[in-house]
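S.K.: sequence-free structure coming up:
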């Protein structure tokens with residue numbers, strides 16, 4: 001019996017090891033030489049899905065297109081890197097892009113897939129000075145933590161925790177009424193300070209919405225929160 005148990009454990013260990021993959025680490029810093037990279041786009045072009053790119057605390061000039069499942073990190077703990085150019089996220093079904101420590105302008109996105117497909121974007125500890133739009137085709141899930149936005153933000157379904165929004169924030173979480181996976185919106189412990197409508201949610205068909213422990217500044221000519229489901233929403237908790 002003991003031998004059989006050990007054999008089963010060994011088979012399970014081999015199975016999990018066979019499905020576990022680890023991405024390569026690529027490094028970006030000024031004046032880098034091979035095998036490292038002197039600019040971010042070159043590292044992205046050379047990377048494979050699942051790789052990690054570590055970026056030095058420096059300013060990099062040029063437009064960036066992320067078109068793979070990648071994770072971008074600052075090279076130094078607690079540091080931030082700057083992109084002086086447009087950042088575009090090219091998404092397909094099941095693609096996940098993780099970005100940490102970015103000080104950038106704006107973000108735009110594109111999505112190729114069906115209405116029921118889904119991709120994910122994760123932003124952690126970033127700051128943006130221009131419009132951030134991650135809402136193409138209503139199929140992108142955004143998870144945004146401890147970041148600062150100084151202009152307009154447009155999203156689909158999302159989870160927002162600990163962010164500062166100095167511009168208007170709007171969601172279009174679900175334009176597809178037949179989606180079998182109702183979108184979830186979680187908005188916790190954020191600061192909203194726009195002078196007009198600060199948080200606007202439209203077309204929230206069948207959505208689960210939970211808004212809690214946020215700080216809203218008084219508005220001069222708008223609303224703190226505006227929700228228009230367009231159809232029945234399963235649950236709204238404020």
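M.R.: Nice, I can see it. The shown structure was predicted, so the numbers you read here are calculated from the model rather than taken from an experiment.
S.K.: wait, what's in contact with residue 29?
M.R.: By C-beta atoms under 8 Å, 6 or more residues apart in numbering, the contact list for residue 29 reads 36, 38, 55-56, 58, 75. For every residue, glycine as well, the C-beta is placed using N, CA and C.
S.K.: how much space between it and residue 57?
M.R.: With distances taken as C-beta to C-beta, to the nearest Å, residue 29 is found 9 Å from residue 57.
S.K.: buried ones among the contacts of residue 29?
M.R.: Buried members of the contacts of residue 29, counted by 16 or more other C-beta atoms under 10 Å: 55-56, 75.
S.K.: for the contacts of residue 29, which one is nearest residue 171?
M.R.: Nearest to residue 171 among the contacts of residue 29, counting by C-beta to C-beta, is residue 55 at 29.4 Å.
S.K.: partners of the closest one in the sheet?
M.R.: residue 28, residue 74 (DSSP bridges).
S.K.: my guess is it meets residue 28, correct?
M.R.: Yes. Contact criterion C-beta atoms under 8 Å: residue 55 and residue 28 qualify, at 4.6 Å.
S.K.: touching both of those two, which residues are there?
M.R.: Common neighbours of residue 55 and residue 28 (C-beta under 8 Å, 6+ apart) are 40, 75.
S.K.: which phi and psi does residue 41 have?
M.R.: phi -60, psi -40 (degrees, to the nearest 10).
S.K.: quick one: low-confidence residue ranges for the chain.
M.R.: For the chain, the stretches with pLDDT under 70 are 1-21, 137-138, 174-182, 229-234.
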